[in-house]
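**Student:** model the structure of this input:
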Amino acid sequence: MIKRILNYCHQQTEQWQLDQLHQIHLNDIELYTPTADGNTIIKWNELFALYNVEDHQKEVTYALINSVSKDTRLTDKFDFSKIQSLTNSKGFGRRYSINGSWFKDIAEWGKAMYSGRHLSNLNEHDWANNIAHIEQEGFTKSHPLHISYYAWYGRFECGNSGGSHHAAAVSSQIRYQQFQYHRQAEVTAHTTNPEYIQELEQQGFYLFLISGFGYAHKISHEKIASDHIIGEHITERFYTIPLNGSTPNNTQIMIIRKEDLKIKARTFEKWYHTQLKMGKLVRLQEVMEDTSKYCTTPYLHEFNYLKLGDPSNTNDLKVKEMEKNTSD
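**Tutor:** Got it, this is the predicted structure:
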């Protein structure tokens, strides 16, 4: 009985609790470098939309919603070459072949495509075909383009319902063959207001990014979810907001209220600041202030085959010239 009491008292000491916390080994935070695939982009405006945060405490919901602002304007001559990402494509994602998600923008993706009978970007004839295609599918002229500008990346994304491959071909021809193309567009600029996050911290909240997985030997010698680790060692009451397609390892936002800690705040903060120095955790405010700094993981996936063609398109150009001469 006395031994159990002494053991319990020992477990309440700061040193014992710190020793337990120091046995936690979190995986690195990983966020994708933005690509032609809009799903790889962190979109604070969507993450903190009311439908995503309305179940949080009132002050948390208020701060998150107001941490992103938007301004929408209509322009009649939007330069199509500014578009770097698209919202939809069958050529995005883990489809076991090289696709648009691998490229930093749609112009580079278009440049890497091999020319074929239905899609090509080698000459003026191709240009006319590509423009005609996108104006009929995915980028119709019946309404303005819907453009999102993410100030934290300095990046433009276009909402589309199809036509992604031909749009990439158009973009590549603008960049490498000096064509021009302008459209009417509704441009919504999204900017961050990280001071709202700072105010929330001052009210006794911890807001940070954490990898989806880690190790804690008290619980298991196998990799386990970070949620499980935090719940076991730190608090059973916390919020998480997943970053979805912008991370390969389920990195997420975690929000903890100081009064919900089941260990002493001073003990937690010693561990917390150690993890911040190691880069295993990053304050949400810092990521919102300089998002690009933390988005450095290249998009990769396994693939089954790689088609090797003519990267310089020399043979494709010769074939097109022959076809032209034959038709003449």
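
**Student:** show me the shaky parts of the protein.
**Tutor:** Counting by pLDDT under 70, the chain contains low-confidence ranges at 1-16, 95-98, 218, 220, 304-328.

**Student:** all strands of it, in order?
**Tutor:** With DSSP state E as the criterion, the chain has strands at 24-26, 68-79, 83-86, 145-150, 155-159, 182-192, 205-210, 213-216, 220-225, 239-242, 252-257, 281-283.

**Student:** what lies in contact with the fourth one?
**Tutor:** Think strand 145-150. In this structure, residues lying in contact with strand 145-150 by CB atoms under 8 Å, 6 or more residues apart in numbering are 41, 43, 45, 78, 83, 139, 155-159, 183-190. In short, each C-beta sits where N, CA and C put it, glycine included.

**Student:** could you tell me which of the residues you listed count as buried?
**Tutor:** 41, 43, 45, 78, 83, 139, 155-159, 183, 185-188, 190 (16 or more other CB atoms under 10 Å).

**Student:** per-domain residue ranges of this protein.
**Tutor:** Split into domains by automatic domain parsing, the chain comes to 17-33+195-294, 69-192.

**Student:** of all the ones you listed, which one is nearest Ala63?
**Tutor:** Distances from Ala63 to each of the domains of the chain were compared using CB to CB; the minimum, 4.3 Å, belongs to domain 17-33+195-294.

**Student:** and the end-to-end length of the closest one?
**Tutor:** End-to-end distance of domain 17-33+195-294: 30 Å, with CA to CA, to the nearest Å as the criterion.

**Student:** distance from that domain to the middle of the chain?
**Tutor:** 18 Å (CA atoms, centre = their mean, to the nearest Å).

**Student:** try stretch 148-164
**Tutor:** A distance of 12 Å separates the centroid of the chain from that of stretch 148-164, by CA atoms, centre = their mean.

**Student:** once you drop chain neighbours, what's closest to Gln84?
**Tutor:** Excluding its sequence neighbours, the residue lying closest to Gln84 (CB to CB, 6 or more residues apart in numbering) is Asp105, at 3.9 Å.

**Student:** you'd agree Thr75 is up against Thr188?
**Tutor:** No - applying CB atoms under 8 Å as the test, Thr75 and Thr188 come out as separate, 11.5 Å apart.

**Student:** just the helices in the stretch 201-328 of the chain please.
**Tutor:** If DSSP state H, counting those that start in this stretch is used as the criterion, the helices of the stretch 201-328 of the chain fall at 226-233, 265-278, 284-289, 291-294, 314-327.

**Student:** got the contact list for the residue nearest to Gln84?
**Tutor:** Asp105 makes contacts with 35-36, 84-85, 171, as judged by CB under 8 Å, 6+ apart.
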